[in-house]
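Participant: Kindly generate the corresponding structure for this input.
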Amino acid sequence: MTETIERFKTRYQQSFCDWEVPPVLNMHEWADENYYLPEGDANAGKWKTLPYQIGILDTFTDPEVETITLMKSARIGYTQMLNISIAYHIDYDPCNQLIVQPTIEDARNYSKDSIQPMLETVPCLMGTVSEAKGRDQDNTVLKKNYGGYVLNIIGANSARGFRRISAKIVNFDEVEGYPATAGQEGDQIELGKRRSDDYHDRKIIIGSTPTFKNGRIHDSFEHSDKRFYNVPCPKCKQRQTLKWRNLDFGKYHKGGTIENPVMVCEHCKKGIAYDHQRWMIERGEWIATAPFNGHAGFHIWAAYSYSPNATWSKIVKEFLKSHKSREKMQVWTNTVLGEPFEEKGESFKWEDIAARREEYQAPVPQDGLFLVMSVDIQKHYIIGEVAAIGKGEESFGVDFFFENGNPEQGEVWEKLRRKLDATYQHESGIEMGIAITVVDSGNWTDQVYKFVASVKGKRIYAVKGGSTANLPRISIPTIKNRFRLPVFTVGTDTIKDSIFNRLSDVTKPGHGYLHFPDHYPDEYFEQLTAEEMKQTFKMGVPVRKYVQIRPRNEALDLNVYKYAAIEILNPDYKKIEENLNLAAEKVKTVENGQQSTNQNRPPKRSGGWVNKWKG
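Facilitator: Residues are numbered from 1 along each chain as shown. Predicted coordinates:
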């Protein structure tokens, strides 16, 4: 405190008695006096701290608080609060600062898009930091010097960025976007904290929109005093937090609508219209829900925002657009509610999927354009599926087969060879052959390679599952086997995500829908739903993993290989459909007896319309 008073005296070059020294400005007071938003900002001009921002900003200058966590939604002004903290510690209380962005590129963009405009707009900052120049060692895009102090802006993906830095104020921005570690040196938050060990009055600021439960920001918030912004009901005056579950838009028949939702008071049970939002927030206060231990934590979500794009009606409409999709609901939960998305271990009751079985008019329905075969090799049998694929990857199960036999012996492979030559009648009358086959080579690898090499010319490929997360559906094939065969690595989890999403979200026939014929056995659906997705954390980063919950999962694997086969084939759906229609017309012509059947007999193996363009 003494150092701050001395700086204040020096700055204004006045003599003060102890009783004449004015109080040190809290951060929100400094911001209201000095801070401006740059041109181009929706609220360009003089800054005015919003009611819920006051309590957050003032903890940045509270000597009792060492660590601040802000778990927040979008549209609550966090970036500007972060900028204000940086500006305050350049102008009013100069000290060394560090800000950690998710990547070096993010750090550069933040410096250019936020810091530089601020330095050029806020009057008291003008001239404090010279323009960044490539050869200027004192001021660069990622390093700003001011009066003997420095602001370093680094990326969490670089261990080098944490070295040789000392900072009193350490800001961790959007920590959910950080990679698992900074190179080989460990957790970035711990590395950053070490940079402030020399300061007894340091500030550690951790802010982010959350992603998953138990992620970095959620874990940090749970170790804080967990403050929530309480507002009074305009009718009964009782305080409460705004909660999504209390926002009525007709769901509970209490008077709210999508266009005019109401917040139901937890005390008097009366609906509060959006018109009262600012009245409530202006009279609100932050209330901690856990003991204070030097760590202040704040949670704030979009219902408190003054943004015209965060009205309660728009929040409801965003929910209605998102609630049927897991991916969209995660985004909505994170960016609107400011809450972590909790994976529920997505799984299905096999009976629900089996209930979708339907009767086809022919083995291959009209919308099926070509056939793919996927094959899995087990110790005592071979199991496979033939599926017809339509536009938008609409899928029609055609044949689920099982062949007993030891892969070490030739008999079971002969059975599979005959399957490769099978044809299935299309609803148009065409006999349709297999366009592409993929065989899993994860087990009995040498036998699979030998078989695939023996049937060249039938468009059959060996594949293997990839265990790394976020792989593409297929990777560039490798040719590292004695048969010189291309072997494709399959993004197993990537495709399983797609399958599970389609089973849950695509509920009407069309693009992405999975059809199943009425002759498929119950066992197929038990296998198709034999896994569920579980989520764990590795060094604060969510790790998703599929876990088997039933003994057999071959049908799920076959569906994974099916989509890998489509990716390998890379079909031109429009051209295939055109050729299929031409072939169907020929069949009709033959059936009508208008031409010689010898001259116009459709090929028995009519994969030809695929072969015409694929070669």
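
Participant: For the stretch 501-615 of the chain, just list every one of the helices.
Facilitator: For the stretch 501-615 of the chain, applying DSSP state H, counting those that start in this stretch gives helices covering 522-528, 554-569, 573-591, 597-600, 608-614.

Participant: Take those and write them to JSON lines, including mean neighbour count, mean pLDDT and distance to G465.
Facilitator: (Each C-beta comes from the backbone N, C-alpha and C, glycine too.) Below are those laid out as JSON lines (neighbours: other C-beta atoms under 10 Å; pLDDT from 0 to 100; distance: least, C-beta to C-beta, whole Å):
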{"stretch": "helix 522-528", "mean neighbour count": "20", "mean pLDDT": "96", "distance to G465": "16"}
{"stretch": "helix 554-569", "mean neighbour count": "24", "mean pLDDT": "97", "distance to G465": "8"}
{"stretch": "helix 573-591", "mean neighbour count": "16", "mean pLDDT": "87", "distance to G465": "27"}
{"stretch": "helix 597-600", "mean neighbour count": "9", "mean pLDDT": "42", "distance to G465": "45"}
{"stretch": "helix 608-614", "mean neighbour count": "18", "mean pLDDT": "47", "distance to G465": "25"}
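
Participant: need those helices in CSV with distance to P340, can you?
Facilitator: Formatted as CSV, these follow (distance: least, C-beta to C-beta, whole Å):
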stretch, distance to P340
helix 522-528, 30
helix 554-569, 28
helix 573-591, 40
helix 597-600, 64
helix 608-614, 46
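
Participant: And these: which comes nearest M71?
Facilitator: Evaluated over those, closeness to M71 peaks at helix 554-569, with 35.9 Å, by C-beta to C-beta.

Participant: Against which helices or strands is the closest one packed?
Facilitator: strand 370-377, strand 381-389, strand 431-440, strand 460-466, strand 487-491, helix 492-505, helix 522-528 (3 or more C-beta pairs under 8 Å, 6 or more residues apart in numbering; DSSP states H and E).

Participant: and after the third one, which helix or strand comes next?
Facilitator: Translated: strand 431-440. Sequence-wise, the next helix or strand downstream of strand 431-440 (DSSP states H and E) is helix 445-454.

Participant: which regions of the stretch 251-400 of the chain lie under the pLDDT threshold?
Facilitator: By pLDDT under 70, the low-scoring segments of the stretch 251-400 of the chain are 251-255, 343-347.

Participant: Helices of that one, start to end?
Facilitator: Using DSSP H, counting those that start in this stretch, the helices of the stretch 251-400 of the chain run over residues 277-282, 312-322, 326-332, 350-354.

Participant: would you list these in CSV and tack on mean neighbour count?
Facilitator: Formatted as CSV, the helices of the stretch 251-400 of the chain follow (neighbours: other C-beta atoms under 10 Å):
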stretch, mean neighbour count
helix 277-282, 16
helix 312-322, 18
helix 326-332, 16
helix 350-354, 16
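
Participant: Would you reformat these as JSON lines and include distance to G338?
Facilitator: JSON lines is the format used below for those (distance: least, C-beta to C-beta, whole Å):
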{"stretch": "helix 277-282", "distance to G338": "15"}
{"stretch": "helix 312-322", "distance to G338": "12"}
{"stretch": "helix 326-332", "distance to G338": "11"}
{"stretch": "helix 350-354", "distance to G338": "33"}
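
Participant: Nearest to E259, out of the ones you listed?
Facilitator: Of all these, helix 312-322 sits nearest to E259, with 5.6 Å by C-beta to C-beta.

Participant: Using PDB, write down the CA coordinates of the closest one.
Facilitator: The C-alpha trace of helix 312-322 is given here as PDB (Å, rounded to 0.1, in the frame of the first residue of the first chain):
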ATOM      1  CA  TRP A 312     -34.000 -14.400 -22.800                       C
ATOM      2  CA  SER A 313     -36.000 -15.000 -25.900                       C
ATOM      3  CA  LYS A 314     -32.900 -15.500 -28.000                       C
ATOM      4  CA  ILE A 315     -31.500 -17.800 -25.300                       C
ATOM      5  CA  VAL A 316     -34.600 -19.900 -25.600                       C
ATOM      6  CA  LYS A 317     -34.500 -19.900 -29.400                       C
ATOM      7  CA  GLU A 318     -30.800 -21.000 -29.400                       C
ATOM      8  CA  PHE A 319     -31.800 -23.900 -27.000                       C
ATOM      9  CA  LEU A 320     -34.600 -25.000 -29.300                       C
ATOM     10  CA  LYS A 321     -32.200 -25.100 -32.200                       C
ATOM     11  CA  SER A 322     -29.700 -27.100 -30.200                       C
END
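
Participant: Summarise which helices and strands it is packed against.
Facilitator: Checking 3+ C-beta pairs under 8 Å, 6+ apart, helix 312-322 ends up next to strand 247-248, helix 326-332.

Participant: what does it rub up against?
Facilitator: 244, 247, 249, 258-261, 263, 274, 277, 302-303, 328-329, 331-332, 336 (C-beta atoms under 8 Å, 6 or more residues apart in numbering).

Participant: With that, I have no additional questions.
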